[in-house]
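**Student:** Please find the sequence and the predicted model below.
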Amino acid sequence: MEVERVQAIASLSATVDDIPPEFIRSEEEQPGITTYRGPVPEIPVIDLVKVGHEDQDELVHAIATAAREWGIFQLVNHGIPEEVICKLQRVGREFFELPQEEKEKYASLTEPSKLEGYGTKLQKDLEGKKSWVDFLFHNIWPPAHVNHAAWPKIPSDYRAVNEEYAKYLVELVDKMLAILSKGIGLEDDALKKANGGEDLEFLLKINYYPPCPRPDLALGVVAHTDMSAITILVPNDVPGLQVFKDDHWFDAKYVPNAIIVHIGDQIEILSNGYYKSVLHRTTVNKEKVRMSWPVFCSPPPEAIIGPLPKLVNSDTTAKYKTKKYKDYAYCKLNKLPQ
C-alpha cells in the first residue's frame, strides 16, 4: 500500500492555509495554545573546554545538575569539528531532496526489535493522528551492527560522512556517560557497562519537517521521552524543539554549533530516578524546513536494565522494574503498560 509522505503533502499544501484533519492535534496539544509565552528559562549551555579545563569537578557538577533538573543540556566546544557536522547535515539534506522514488527504495519495514529505513509514521497514535515529519533511520555504531543496505547510496559520500561522524560521536558519548557516572558517585565506566559496554547501539534518525501551513495546530513529533540511554542531537538553524518543565512547554533556544544532549529512559532507570528523562516535542515552521539528526544510544536488545545495585539500599528502594531492554522498547513503541 502506498504511503503518502508528509513532504508530498506539504508541497500540495504550499498554496493553501490548511492541513489535512489527521494532522490537527487536540487543543491540549496544539502548540499555538500550549506554548508558554512568558519569560522562558534557558536550557543549560555547557562549554566543555572552558568548564572542563578549569575544574573537572565543576564540569561533573554542571552536567549532573542539568541532567537532574532538566534532563537536557546543550554542549559547545564538544570536540566534533564543525566541518564534520556540516557534512552530516549536507548529505542528510541532499537525501531528502532526492526524487520520491529514490527515497522509497529505503522505505521502512519496521520490526519490533529493529528500526531502520525511510518512513513517515512510527509510533501508534490512539486517536489516529499523524505527525508532520518524514524520517530516515539507520544504525551507525558499532560496526558489527551496521546494515549498510539501509544507508542511502545517493549522495555518493553519504557513507563516508556518517562513518566519520560516528567516530567522533563515540568519543563524546563515552565522555558523557563517564561524567554522568561520576555525578552519581560511581566509577567512570558504570553507566556504559550497564548499557551494554562496547555493544551500546547508536541509531541515527534524520527528521525532516517540511514547511507547514498551520504550525499552530500541528506537531512534528508529539510529546515523549526517549527510550534510549542518552540521545545526542544535531539541529539545523530553524528552532522547533520544546521542553516541558515546571508545567509549561518552553521553546529551546538555538545555539550555533551546539549539540543537544537528552537524558533517556534507561539512564533514568539505572540512576533510580536521580537523572530525569526529558519530556519534549517538536513544533514546525510555516516558511522553512526544519531538520534534526538525533542519535539514540541504547542498550542491546538482551541487556537487562534496572536500578544499579549501588543506588538501592535500605533507605532508597528501587523505583523501577528490571527487564530486558527489548521488552521495554516493545511496550513503549506499542503504548503498552511497562
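**Tutor:** Sure, I can see it.

**Student:** In the stretch 1-150 of the chain, mark out all the helices, start to finish.
**Tutor:** Remark: helices assigned in the stretch 1-150 of the chain by DSSP state H, counting those that start in this stretch are 6-12, 31-34, 48-54, 56-69, 82-96, 100-103.

**Student:** okay if I get the ones you listed as JSON lines plus distance to L75 and mean neighbour count?
**Tutor:** In short, each C-beta sits where N, CA and C put it, glycine included. Formatted as JSON lines, these follow (distance: least, C-beta to C-beta, whole Å; neighbours: other C-beta atoms under 10 Å):
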{"stretch": "helix 6-12", "distance to L75": "30", "mean neighbour count": "17"}
{"stretch": "helix 31-34", "distance to L75": "26", "mean neighbour count": "16"}
{"stretch": "helix 48-54", "distance to L75": "6", "mean neighbour count": "14"}
{"stretch": "helix 56-69", "distance to L75": "9", "mean neighbour count": "18"}
{"stretch": "helix 82-96", "distance to L75": "12", "mean neighbour count": "17"}
{"stretch": "helix 100-103", "distance to L75": "31", "mean neighbour count": "13"}
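
**Student:** Of these, which shows the lowest average pLDDT?
**Tutor:** Mean pLDDT is lowest for helix 48-54 among the helices of the stretch 1-150 of the chain, at a mean of 73.

**Student:** Show me the residue sitting in the middle of this protein in space.
**Tutor:** P294 (4.2 Å; C-alpha atoms, centre = their mean).

**Student:** Quickly find the element holding that residue.
**Tutor:** Taking DSSP states H and E as the criterion, P294 maps to strand 290-298.

**Student:** neighbouring contacts of whichever helix or strand comes after that strand?
**Tutor:** Note on strand 290-298: by DSSP H and E, the next helix or strand toward the C-terminus is strand 304-305. The set of residues external to strand 304-305 that reach it, using C-beta atoms under 8 Å, 6 or more residues apart in numbering, is 194-195, 266, 269-270, 299, 322-325, 328.

**Student:** re earlier: would you mind putting the helices of the stretch 1-150 of the chain into TSV with distance to Y168 alongside?
**Tutor:** Converted to TSV, the helices of the stretch 1-150 of the chain look like this (distance: least, C-beta to C-beta, whole Å):
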stretch	distance to Y168
helix 6-12	29
helix 31-34	33
helix 48-54	13
helix 56-69	19
helix 82-96	6
helix 100-103	27
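
**Student:** To K182, which of those helices lies closest?
**Tutor:** Proximity to K182, assessed across the helices of the stretch 1-150 of the chain by C-beta to C-beta, is greatest for helix 56-69 (4.8 Å).

**Student:** what sits up against the closest one?
**Tutor:** Helix 56-69 is contacted by residues 43-44, 46, 48, 51-52, 72-73, 176, 179-180, 182-184, 263, 267, 274-276 when judged by C-beta under 8 Å, 6+ apart.

**Student:** of the contacts of strand 304-305, buried ones?
**Tutor:** With neighbours counted using 16 or more other C-beta atoms under 10 Å, those contain these buried positions: 194-195, 266, 269-270, 299, 325, 328.

**Student:** circling back: show me the contacts of strand 304-305 that map onto helices.
**Tutor:** Mapping these onto helices (DSSP state H) picks out 194, 266, 269-270, 325, 328.

**Student:** where does this protein dip in pLDDT?
**Tutor:** Along the chain, segments meeting pLDDT under 70 span 1-3, 13-16, 51-54, 109-114, 122-127.

**Student:** 80 instead?
**Tutor:** Along the chain, the model assigns pLDDT under 80 to residues 1-3, 12-17, 50-55, 108-115, 121-128, 314.
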